[in-house]
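J.: any chance you can model this:
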Amino acid sequence: MGISTIEGIFELVDNALDAGAEHIHIHVEETDDGFIRIYVEDDGNGIAKKIEQDGTQYDGITYALAFGDRYDQGGLQIGKFGWGLPAAATCTSLRTEIYTQESDESRWRYSYIDIEEMEETNNTRPPTAKKASPEHLDLVNPDPESGTIVSFERCDKTEPKTVRGIVSRLISEVPQVYRDYIDGSKIITVNGTELEPKDPLFMMEGAHNVGDLPENVPQVEEPYHQKTIQVEDEKGESTHPVKITVVWLNMESIRKCDEWSGDWMSNNGLVERNQGFSLVRHGREIRQGLTLGLFNRHAEKNYMRAEIRFPPQLDSRFGVQTNKSRLDPEQAIKDKINDALENTPEQLAQKYRKVTKQLRKEANQDQDNATPTPSERSAEKAAKFLKTPKKQSKEEQEEVKERLEEQKQEEIEEIKEDPNVNESEEKLIEKIEQKYERQKNPNSHNVTVDTLGTGHFYKSDFRGRQVNAIINDQHKFYDIYEQIQTGSISIEDAAATDGGVENLQQGQTEASILIDHMLLSAARAELWMKDRYGDDDEVMEYMYQFRSEWSEALRAFVKYMQDGQKEAIAKLAEK
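T.: Numbering: from 1, shown residues only. As a prediction, the model looks like this:
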């Protein structure tokens, strides 16, 4: 029937919540005969002693254990089909025992399902309930006013296979599946550990995964996009609300956190496999990470999370099956959800690209201000054997050094006086000192990124005595340069990885070093020409026009680069 061990336990929790339980305790242990025992105790209303159906009275526990039998406990419920308990029992354990009592009872009533006994006796009817006590179970509350205990006594073929594995899965998944109930004061424990809610949208203030970096993900205060649509039930007799929520995490804060990395993203579930919608039915998550075919998973959407909430009256429209974790929404439902999204996933992918570009720009600026890159180090070594791009007397050199020293002290004072500095003051001052020492060195070279007012791919200038090549982040070639620099070289997929700032600061690819060398060579040559012919306007205009034509040709080549690749691949395929 497709019910896993974990899903079987969830069915017991569903029943406990439907019965009004305030405390639900899940126990997992190994028995003396080598089986795994899983039992759930709750302080709900208990199963009625007698249940009447079509004028016939049935024993309450026997009725609850029968496939398809279900009685109304009042109001909307998580359970729906009357298959949850018997299906979970027969799929999970060779023997299942039930103990229950209502508020007017002083002793437990007891019955069971035993698969092997049923085979031997050829009788599938559970025995009528009798009085018995679960003395072999270590209960948190052995004497509640009312409640139910369901014990999977002999679990076979469990997944995970060990007690430790099952407990770990429960501690990980229960807080998210039942987050609304736990946040709403319900107590759920697993082997004595009280669970705190876990919110995949990171909006729930009390959720254990929401909080301050780096331990948690910052709380989302407001949704990026939220819309409620009205959907008719299967018969078209009434409409019911479906609430769609999309959030955008604080990407800037996360990426600037010192502990941020690919492992950090994975540990916090911010990876592609978790993208998609969390589907919540009557406050209980039934599936997580479904795209419903409405968008493609991509690293650009790792900071987007989404949720769809719907009531049980729309089960047939959402294709909810006996095992509630299985569903297949109608195409008409998907279309309505897609319209309500208003292209939000792609909007957020664009936002990701914009923020990433800005963060990389800042990282480049921070990097070039302090420690030189491999390309800058090699240029510095080679510069000792090249013509100096700018002739200066000793007096002029001293003036430059004094000016740089004044600028350095001004920046340091600003850091000391700024109360909003996030990074340690000592670290920032060290970077400032390194930056100005490099600018004093006539052999020092720098590649930085900025937005240029021209359409040129680069321009050159001096920073102190340092040769500086400035890359225009608005030029079409810059996106490709970014990917080459971080090792994500695919042109068709400009943001295929979430490599980010940290990777940018750690080093360069061989290809990016070669590009930097070409840019620094051009910058050095231009600065040499300006120093020699700066008074000749005609020479300077030729240089400017050359750079304009060079940049425009580069832009055009990039524009048709993919076409050239596709044609080459097609010709290879023909051969």
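
J.: list the residues that contact residue 156.
T.: 35, 93, 94 (Cβ atoms under 8 Å, 6 or more residues apart in numbering). Just so you know, the C-beta spots here come from the backbone N, C-alpha and C atoms, and that holds for glycine as well.

J.: out of everything not next to it in sequence, what's closest to the last one?
T.: Closest residue in space to residue 94, ignoring its immediate chain neighbours: residue 154 at 4.2 Å, by Cβ to Cβ, 6 or more residues apart in numbering.

J.: and if you look at residue 102?
T.: Using Cβ to Cβ, 6+ apart, the nearest residue to residue 102 is residue 46, at 4.2 Å.

J.: picking up where we left off before, most neighbours of all the contacts of residue 156, which one?
T.: residue 93 (26 neighbours; other Cβ atoms under 10 Å).

J.: quick one on the thing from earlier: from the contacts of residue 156, pick the one nearest residue 556.
T.: Each of those was scored against residue 556 by Cβ to Cβ, and residue 93 proved nearest at 69.5 Å.

J.: pretty sure the closest one sits against residue 154.
T.: Yes: the pair residue 93 and residue 154 qualifies as a contact (Cβ atoms under 8 Å) at a distance of 5.5 Å.

J.: neighbouring contacts of stretch 278-293?
T.: So stretch 278-293 is contacted by 14, 17, 76-78, 176-181, 200-201, 273-277, 297, 305-312, 315, 318, 320, 324-325, 327, 329, 334, 337 (Cβ under 8 Å, 6+ apart).

J.: out of those residues, which are buried?
T.: 14, 17, 77-78, 176-181, 200-201, 274-277, 297, 305-312, 315, 318, 320, 324-325, 327, 329, 337 (16 or more other Cβ atoms under 10 Å).

J.: so which of those residues are in strands?
T.: Among the buried ones among the contacts of stretch 278-293, the ones falling in strands (DSSP state E) are 277, 305, 306, 307, 308, 309, 310.

J.: reformat the residues you listed as a markdown table; add distance to residue 121 and pLDDT.
T.: What follows is these, written out as a markdown table (distance: Cβ to Cβ, whole Å; pLDDT from 0 to 100):
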| residue | distance to residue 121 | pLDDT |
| --- | --- | --- |
| 277 | 47 | 96 |
| 305 | 52 | 96 |
| 306 | 51 | 97 |
| 307 | 48 | 97 |
| 308 | 47 | 98 |
| 309 | 46 | 97 |
| 310 | 43 | 96 |
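
J.: middle-most residue in the chain, spatially?
T.: In the chain, the residue lying closest to the centroid (Cα atoms, centre = their mean) is residue 270, at 2.0 Å.

J.: what's the pLDDT at it?
T.: As predicted, residue 270 sits at a pLDDT of 94.

J.: give me every residue that touches residue 145.
T.: 43, 103.

J.: I meant residue 319, not that one.
T.: Neighbour list for residue 319: 327, 328, 329, 330 [criterion: Cβ under 8 Å, 6+ apart].

J.: quick check, nearest of the residues you listed to residue 553?
T.: Nearest member of those to residue 553, counting by Cβ to Cβ, is residue 329, at 51.1 Å.

J.: and the closest residue to that closest one other than its chain neighbours, what's its pLDDT?
T.: Leaving aside its sequence neighbours, residue 329 sits nearest to residue 318 (Cβ to Cβ, 6+ apart; 4.8 Å). pLDDT, residue 318: 94.

J.: same thing with residue 422?
T.: Predicted confidence (pLDDT) for residue 422: 59.

J.: sorry, back to before: can you put the contacts of residue 156 in TSV and add pLDDT?
T.: Converted to TSV, the contacts of residue 156 look like this (pLDDT from 0 to 100):
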residue	pLDDT
35	95
93	96
94	96
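
J.: could the residues you listed go into JSON lines alongside secondary structure and distance to residue 240?
T.: Formatted as JSON lines, the contacts of residue 156 follow (DSSP: H, G, I helix; E, B strand; the rest coil; distance: Cβ to Cβ, whole Å):
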{"residue": "35", "secondary structure": "coil", "distance to residue 240": "43"}
{"residue": "93", "secondary structure": "strand", "distance to residue 240": "36"}
{"residue": "94", "secondary structure": "coil", "distance to residue 240": "41"}
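
J.: ok, so of the residues you listed, who is nearest residue 241?
T.: residue 93 (38.3 Å).

J.: identify the bridge partners of the closest one.
T.: residue 155 (DSSP bridges).

J.: what sits against it?
T.: By Cβ under 8 Å, 6+ apart, the residues touching residue 93 are 38, 152, 153, 154, 155, 156.

J.: using JSON lines, lay out the residues you listed together with distance to residue 561 and pLDDT.
T.: JSON lines is the format used below for these (distance: Cβ to Cβ, whole Å; pLDDT from 0 to 100):
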{"residue": "38", "distance to residue 561": "59", "pLDDT": "98"}
{"residue": "152", "distance to residue 561": "61", "pLDDT": "98"}
{"residue": "153", "distance to residue 561": "66", "pLDDT": "97"}
{"residue": "154", "distance to residue 561": "64", "pLDDT": "96"}
{"residue": "155", "distance to residue 561": "59", "pLDDT": "95"}
{"residue": "156", "distance to residue 561": "59", "pLDDT": "89"}
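
J.: just to revisit the earlier point, helix or strand: which one has the residue nearest to residue 102?
T.: Using DSSP states H and E, residue 46 is not contained in any helix or strand.

J.: how about the contacts made by it?
T.: 19, 100, 101, 102, 103, 105, 146, 147, 148.

J.: same check on residue 4?
T.: Counted by Cβ under 8 Å, 6+ apart, residue 4 has contacts residue 159.

J.: try it again at 10 Å.
T.: The neighbourhood of residue 4, defined by Cβ atoms under 10 Å, 6 or more residues apart in numbering, consists of 10, 88, 91, 92, 158, 159, 160, 169, 323, 325.

J.: and of the residues you listed, the nearest to residue 259?
T.: Nearest member of the contacts of residue 4 to residue 259, counting by Cβ to Cβ, is residue 169, at 26.1 Å.

J.: I figured the closest one was touching residue 9, is that so?
T.: Yes: if you go by Cβ atoms under 10 Å, residue 169 and residue 9 touch, sitting 9.3 Å apart.

J.: identify the contacts common to the two.
T.: With Cβ under 10 Å, 6+ apart as the test, residue 169 and residue 9 both reach 28, 190.

J.: more neighbours: these two, which one.
T.: When residue 169 and residue 9 are compared for neighbours, residue 9 comes out ahead with 25 against 18, by other Cβ under 10 Å.

J.: the more buried one - that's part of a strand, no?
T.: No: counting by DSSP: H, G, I helix; E, B strand; the rest coil, residue 9 falls outside a strand, being helix.

J.: my guess is it contacts residue 26. True?
T.: Yes: assessed by Cβ under 10 Å, residue 9 is found in contact with residue 26 at 6.4 Å.

J.: mutual contacts of the two, please.
T.: With Cβ under 10 Å, 6+ apart, residue 9 and residue 26 have common neighbours 38, 39, 40, 166, 170, 174, 190.

J.: out of those residues, which is nearest to residue 399?
T.: For the shared contacts of residue 9 and residue 26, the nearest to residue 399 is residue 174 (69.8 Å; Cβ to Cβ).

J.: for the helix or strand hosting that closest one, packing partners?
T.: Taking DSSP H and E as the definition, one finds residue 174 inside helix 163-177. With contacts taken as 3 or more Cβ pairs under 10 Å, 6 or more residues apart in numbering; DSSP states H and E, helix 163-177 sits against helix 5-18, strand 23-30, strand 36-42, helix 179-183, strand 187-190, strand 193-194, strand 277-281, strand 284-290.

J.: try it again at 7 Å.
T.: helix 5-18, strand 23-30, strand 187-190, strand 284-290 (3 or more Cβ pairs under 7 Å, 6 or more residues apart in numbering; DSSP states H and E).

J.: the residue nearest to the centre of the chain falls within a helix, correct?
T.: No: assessed with three-state DSSP, residue 270 is coil; it does not lie in a helix.
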